[in-house]
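S.K.: quick one: sequence and predicted model below, then my questions.
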Amino acid sequence: MAFFGLFSSEKKENLDKGLKKTKESFFGKFSRAIIGRSKVDGEVLDNLESILISSDVGVDTTLKIIERIEKRVSHDKYMNVSELNKILREEIESLLEENGSTENIIPFDFTKKPYVVLVVGVNGAGKTTTIGKLAAQLKTSGKKVYLGAADTFRAAAVDQLTVWSERANVPIIKQQQGADPASVAFDTLKSAVANDADVVLIDTAGRLHNKVNLMNELSKIARVLQKIVPDAPHEVLLVLDGSTGQNAFRQAVEFTKATSVTAMALTKLDGTAKGGVVIGISDQFKIPVKFIGVGEGIDDLRIFDKKEFVESLFG
């Protein structure tokens, strides 16, 4: 099978379903804002600005989108309201394209073996579940995966990851609650290398009450990993709860200050009307959004294809 079922029509249907609440909320507001209007004027654009901000696209990204539309309105002199939906779609897609191509999406570089991923994020964001779904999909695609339970501050985190390891049928390395996270990470990578693993996914403590402590802990984990694989970790994946809207954006700000985040995953988009946050985060951070979660099933964690996302949102 293709990794993450990239070419599955069923996956596209799941994406459409997962973004349904966001789409209905946005276009419900959009329709009310333009009813009775015949052309795109300042009032229509003001209404659109409010809609985008209330849909958690974010202020800065919203202003960027409105500015682009204003330029097109100014250039064309007269524009029907009926054209606005098409133009909005084009400008959002263009904005996202500028921050990285949607073609040839490769979630992990399998030429690096093992490919080591540190997964960070606050408790409740879906971090451990994301690791489990990644492990299951990687295993199904024929990759040998190891899990490291380095969130040793919560027994529940280790237990949850253990359940996922059993479900995905992949090995997990763990220690007792309160153990040194760096020690768990070291043991995980050592075992993975000895057993010729392709990918190592390491869970880390989900807290952000002290950025200095978080940075020190993650830096220590990186140092011990580099004793085994000099360029590890190859990825620091930040998991954010998309249903929290702008709170997810603020978490992204804090985590990117605390550590070198290289990729993001936004979860729980199926249960919220705040899916617009994906647009804002993708635009504002020069860090790729690699995965989005649009349902409870293992296959509902999918690679973020920007073009496909816009098609589902506007289609």
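M.R.: Nice, I can see it.

S.K.: could you list every residue that touches D46?
M.R.: Neighbouring residues of D46 by CB atoms under 8 Å, 6 or more residues apart in numbering: there are none. Yep, even glycine has a C-beta here, placed from its N, CA and C like the rest.

S.K.: let me fix that, I meant to ask about I279.
M.R.: By CB under 8 Å, 6+ apart, the residues touching I279 are 57-58, 61, 92, 95-96.

S.K.: okay, the one helix or strand it maps to in PDB with CA atoms only?
M.R.: Using DSSP states H and E, I279 sits within helix 277-284. Listed next in PDB are the C-alpha coordinates belonging to helix 277-284 (Å, rounded to 0.1, in the frame of the first residue of the first chain):
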ATOM      1  CA  VAL A 277      -6.200  27.300  12.400                       C
ATOM      2  CA  VAL A 278      -4.400  25.000  10.100                       C
ATOM      3  CA  ILE A 279      -4.200  27.800   7.500                       C
ATOM      4  CA  GLY A 280      -2.900  30.300  10.000                       C
ATOM      5  CA  ILE A 281      -0.300  28.000  11.600                       C
ATOM      6  CA  SER A 282       0.900  26.700   8.200                       C
ATOM      7  CA  ASP A 283       1.300  30.300   7.000                       C
ATOM      8  CA  GLN A 284       2.800  32.000  10.100                       C
END
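
S.K.: ok, back up a step: looking at the contacts of I279, state which has the most neighbours.
M.R.: In terms of neighbour count, V57 stands highest of those at 28 neighbours, by other CB atoms under 10 Å.

S.K.: three-state assignment of it?
M.R.: Put simply, V57 is coil when judged by DSSP: H, G, I helix; E, B strand; the rest coil.

S.K.: nearest residue to it in space, please, no chain neighbours.
M.R.: G276 (4.2 Å; CB to CB, 6 or more residues apart in numbering).

S.K.: residues near the one you found, how many?
M.R.: 26.

S.K.: now L88
M.R.: The tally of other residues near L88 (other CB under 10 Å) stands at 21.

S.K.: where in this structure is pLDDT low?
M.R.: 1-11, 77-78, 99-106, 208-210 (pLDDT under 70).

S.K.: all helices for it, in order.
M.R.: For the chain, the helices defined by DSSP state H cover 9-18, 20-34, 42-54, 59-76, 84-97, 127-140, 155-168, 181-194, 211-226, 246-258, 277-284, 306-314.

S.K.: okay, buried residues for the longest one please.
M.R.: This means helix 59-76. The neighbour-count check on helix 59-76 (16 or more other CB atoms under 10 Å) flags 61-62, 64-66, 68-69, 73 as buried.

S.K.: next: the second one.
M.R.: If you call a residue buried by 16+ other CB under 10 Å, then helix 20-34 has these buried ones: 21-23, 25-26, 29-30, 33-34.

S.K.: save the contacts of I279 as a markdown table, and put in distance to V120 too.
M.R.: Shown next, in a markdown table, are those (distance: CB to CB, whole Å):
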| residue | distance to V120 |
| --- | --- |
| V57 | 24 |
| G58 | 21 |
| T61 | 23 |
| I92 | 28 |
| L95 | 26 |
| L96 | 24 |
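
S.K.: quickly list what A149 is bridged to.
M.R.: Beta bridges link A149 to D203, judged by DSSP bridges.

S.K.: tell me, how many residues neighbour it?
M.R.: Look at A149: counted by other CB under 10 Å, it has 26 neighbours.

S.K.: surely it touches Q176?
M.R.: No - shown here, A149 and Q176 do not form a contact pair, counting by CB atoms under 8 Å, at 10.5 Å.

S.K.: spatially central residue in the protein, please.
M.R.: A265 (1.9 Å; CA atoms, centre = their mean).

S.K.: now that one. Nearest residue, chain neighbours left out?
M.R.: A265 sits nearest to F291 (CB to CB, 6+ apart), 3.9 Å away.

S.K.: list the contacts of that neighbour.
M.R.: Taking CB under 8 Å, 6+ apart as the criterion, F291 is in contact with 107, 130, 134, 237, 264-266, 301-304.

S.K.: same check on S243?
M.R.: By CB under 8 Å, 6+ apart, the residues touching S243 are 267-269, 271-272, 274.

S.K.: output stretch 74-81 as PDB - backbone C-alpha positions only.
M.R.: Extracted C-alpha coordinates of stretch 74-81, given in PDB (Å, rounded to 0.1, in the frame of the first residue of the first chain):
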ATOM      1  CA  SER A  74      -8.800  47.200  -7.200                       C
ATOM      2  CA  HIS A  75      -7.300  45.700 -10.400                       C
ATOM      3  CA  ASP A  76     -10.600  44.400 -11.800                       C
ATOM      4  CA  LYS A  77     -12.500  47.600 -10.700                       C
ATOM      5  CA  TYR A  78     -15.700  45.600 -10.300                       C
ATOM      6  CA  MET A  79     -16.100  42.100  -9.000                       C
ATOM      7  CA  ASN A  80     -19.300  40.200  -8.400                       C
ATOM      8  CA  VAL A  81     -19.900  38.700  -4.900                       C
END
